[in-house]
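Participant: predicted model, plus sequence, below.
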Amino acid sequence: MVEVIRFGVSLEKDLLDAFDKCIKRREYTNRSEAIRDLIRNELVKEQWNEEKEIAGAIILIYDHHKRDFVEKLMNIQHDFHKVIISTQHVHLDHDNCLEIIAVKGKTQSVQKLANILASVKGVKHTSLSMSSTGKGL
Ligand code: NI
C-alpha cells in the first residue's frame, strides 16, 4: 500500500482564489488531486529531459493523394519499428487521413520520429503527446 503524507502549503489569498477557479474549470473536486496532477506533470516533463523511457502518441493529418506519400510514410515507420507500438489509421474524408501512432522509447528517438514525419511533404499537421509511466509518481 502507498503511504500518503499530508503537508501544509502557505499561499497568498489571490493566488489560492485563482487556483481554486482554475481547478473548478478543470472539473477537479478537490485541491489535493489537482496538486498531485501538477506535481506529476512537472516530474514527467523532467523525465522527458532526462532521456528516460517515455510513452506517447504522434498524430498526423495528411492528404493520401500526394505522389509516393504513403510509401514514404511506411518506410519511415519501418525505420522506427522499435519505437512504434501500434498505428491506427482513420479515413477522415475523401482526401484526408488521420493517423495515430503509439510510441514508446527514449525521448530523443520519439522526438526524432515526430520531426521526420512532420517534415514529409503532404503532412498537414502533426502533434506529439509525450507521457510517462512515471514510476513512483
Ligand atoms: Ni486514409
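Facilitator: Received the coordinates, thanks. The model shown is predicted, which means the values in this text are computed figures rather than measured ones.
Participant: from now on I want contacts and neighbour counts done on CA atoms only, so please keep to that.
Facilitator: Will do.
Participant: give the contact list for Ser86.
Facilitator: Residues in contact with Ser86 (C-alpha atoms under 8 Å, 6 or more residues apart in numbering) are Ile101, Ala102, Val103.
Participant: Leu60 too?
Facilitator: Leu60 touches Cys97, Leu98, Glu99, Ile100, Ala118, Val123, Lys124, His125, Thr126, Ser127, counting by C-alpha under 8 Å, 6+ apart.
Participant: ok, and the most crowded of the contacts of Ser86?
Facilitator: For those, the largest neighbour count, defined by other C-alpha atoms under 10 Å, is 27 neighbours, found at Val103.
Participant: which residue, other than its chain neighbours, is closest to that one?
Facilitator: In space, Val103 comes closest to Ile84 once its chain neighbours are excluded; the distance is 4.6 Å by C-alpha to C-alpha, 6 or more residues apart in numbering.
Participant: wait, that neighbour sits on Lys106?
Facilitator: No: under the criterion of C-alpha atoms under 8 Å, Ile84 makes no contact with Lys106, lying 11.5 Å away.
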